[in-house]
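> here are the coordinates; sequence isn't available:
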């Protein structure tokens, strides 16, 4: 039987690994953020906006890159970088 501490660590690590996907899911499910995202993509490009968001996630949370992951839950991206602390 796992302890509640081990369970909590596993859940938080999983969230952290997939945090970029979570950020894009948040955009996708928030009408205002989605409008702003579409404006940014129109003014710049899909790649530059998505890359900037991905880099900012890593920078703000001070994370290390693990690997590219090609099965995101968000339909705004085709892949994302998984992270660790």
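Thanks, I have it. Just so you know, these numbers come straight off a predicted model, no measurement behind them.

> tell me the SS of the residue nearest the centre of the chain?
For the chain, residue 20 is the residue whose C-alpha lies nearest the centre (Cα atoms, centre = their mean; 0.9 Å). Classification of residue 20 using DSSP: H, G, I helix; E, B strand; the rest coil returns helix.

> quick check: it touching residue 79?
No: checked against Cβ atoms under 8 Å, the pair residue 20 and residue 79 is beyond contact range at 9.5 Å. For every residue, glycine as well, the C-beta is placed using N, CA and C.

> one step back: the residue nearest to the centre of the chain and residue 55, how far apart?
Using Cβ to Cβ, to the nearest Å, residue 20 is found at 10 Å from residue 55.

> helices and strands around the longest helix along the chain, which ones?
Determined from DSSP state H, the single longest helix within the chain is helix 46-61. Under the contact criterion of 3 or more Cβ pairs under 8 Å, 6 or more residues apart in numbering; DSSP states H and E, helix 46-61 touches helix 19-28, helix 31-43, strand 80-84.

> want to try CSV for those, with distance to residue 60 as columns?
Shown next, in CSV, are the helices and strands packed on helix 46-61 (distance: least, Cβ to Cβ, whole Å):
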stretch, distance to residue 60
helix 19-28, 10
helix 31-43, 16
strand 80-84, 11
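
> of the ones you listed, which is nearest residue 73?
Set against residue 73 and scored by Cβ to Cβ, these come closest in helix 19-28, at 5.6 Å.
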